[in-house]
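# Mind looking at a prediction? Sequence and model below.
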Amino acid sequence: MAKVKQSLGVIVVLFLLIGLPLVSYYYLEKGFAYRKAAIETQSDFGKMPDLGAFTSVRGEHPTTYRGAMTVVSWLDPRKPVTIKQYGMMLDSLYTQFEDSPNLYFTNFVKGENAAATAAQFADQYNLPDTDMINFLATDDAAFAQSARDFKLPLTGGNMPGEAPIVALVDSSLTIVKHYDLSSRNETIGLVQLISVIIPLPVRRDLILDRSKEL
């Protein structure tokens, strides 16, 4: 019996000295590789333009966007399907990152009654009146120009707002990625990249609710 206890003791010591560090190293390397791969998907589409000239109709302009990540969208009230796809994603992301100080959602809103469109959108997708989410009023010309400024990948004669394409801006104000949220894979890619760069304030699983599945 003494020999068995001695053998078990040796096994435990060997695991603590060798096995546990190896397991920890494996998971650290795996996490580093995952983060590195996610970050390497980013590109450089130039600098984010100054948004100070736009009037905010809900939520306030941040003092500065530098140091945070920003998801930028284009909302056309005449495109309800597109707005729904973006709204479901934003509802999910806000639920996960609402306590984060380093993430903004900026939405260009087309039309004469941008304030009403923003209020209706926020109400429908359970979004509070918070500076983390701001809505900027635009006329047709400014709406189109803003899409060009953010290098939105519009093909086949499409106009901004016809597809739920968003631009992602990093902490250095560089436009690093575009995502078409009509694609579930691209939606997951956006959620994963944000979660890699901005850790969740409280440990949660990534939310892509099946009841809200695109």
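Looks like it came in fine.

# can we go C-alpha only for contacts and neighbour counts from here?
OK.

# Least confident secondary structure element in the chain?
The helix or strand of the chain with the lowest confidence, counting by mean pLDDT, DSSP states H and E, is helix 20-40 at a mean of 43.

# Just checking the distance from the helix or strand following that helix to the centre of its chain.
Using DSSP states H and E, the helix or strand that follows helix 20-40 in sequence is strand 55-58. Here the centre of strand 55-58 is set off from its chain's centre by 21 Å, with Cα atoms, centre = their mean, to the nearest Å.

# Now tell me what touches strand 55-58 from outside.
Residues outside strand 55-58 that contact it (Cα atoms under 8 Å, 6 or more residues apart in numbering): Ala114, Ala115, Ala118, Ala119, Asp129, Ile133, Asn134, Phe135, Leu136, Ala137.

# And the closest residue to the first one other than its chain neighbours, how close does it get to Leu173?
Beyond its immediate neighbours in the sequence, the residue positioned closest to Ala114 (Cα to Cα, 6 or more residues apart in numbering) is Ala137, lying 5.4 Å away. Look at Ala137 and Leu173: by Cα to Cα, to the nearest Å, they are 21 Å apart.

# Quick check: which of the contacts of strand 55-58 has the minimum pLDDT.
Minimum pLDDT for the contacts of strand 55-58 is recorded at Asp129 (92).

# Any of the contacts of strand 55-58 buried? List them.
Ala114, Ala115, Ala118, Ala119, Ile133, Asn134, Phe135, Leu136, Ala137 (16 or more other Cα atoms under 10 Å).

# Now intersect the residues you listed with the strands, please.
Within the buried ones among the contacts of strand 55-58, membership in strands is found for Ile133, Asn134, Phe135, Leu136, Ala137, as judged by DSSP state E.

# For the residue nearest to Ala114, which residues are in contact?
Phe54, Thr55, Ser56, Val57, Phe108, Val109, Lys110, Gly111, Ala114, Ala115.

# ok, now how distant is the first one from Lys177?
Which is Phe54. Distance from Phe54 to Lys177, by Cα to Cα: 23 Å.

# Now do the helices in the protein.
Ranges of helices in the chain, per DSSP state H, are 2-14, 20-40, 80-97, 114-124, 140-149, 184-197.

# quick one: the fifth one to strand 133-138, angle?
Per axes from the mean of the first three to the mean of the last three Cα atoms, to 10 degrees, the angle that helix 140-149 makes with strand 133-138 is 120 degrees.

# How about helix 140-149, which residues are buried there?
Phe143, Ala144, Ser146, Ala147.

# So, low pLDDT: which residues of this structure?
For the chain, the stretches flagged by pLDDT under 70 are 1-42, 156-157, 199-214.

# how does it divide into domains?
Listed by automatic domain parsing, the domain ranges of the chain are 1-40, 55-212.

# Would you confirm that Phe150 contacts Ile165?
No: counting by Cα atoms under 8 Å, Phe150 does not reach Ile165; the two are 11.0 Å apart.

# Contacts for stretch 107-119, please.
Under Cα under 8 Å, 6+ apart, the answer for stretch 107-119 is 57-58, 72-77, 133-140, 143.
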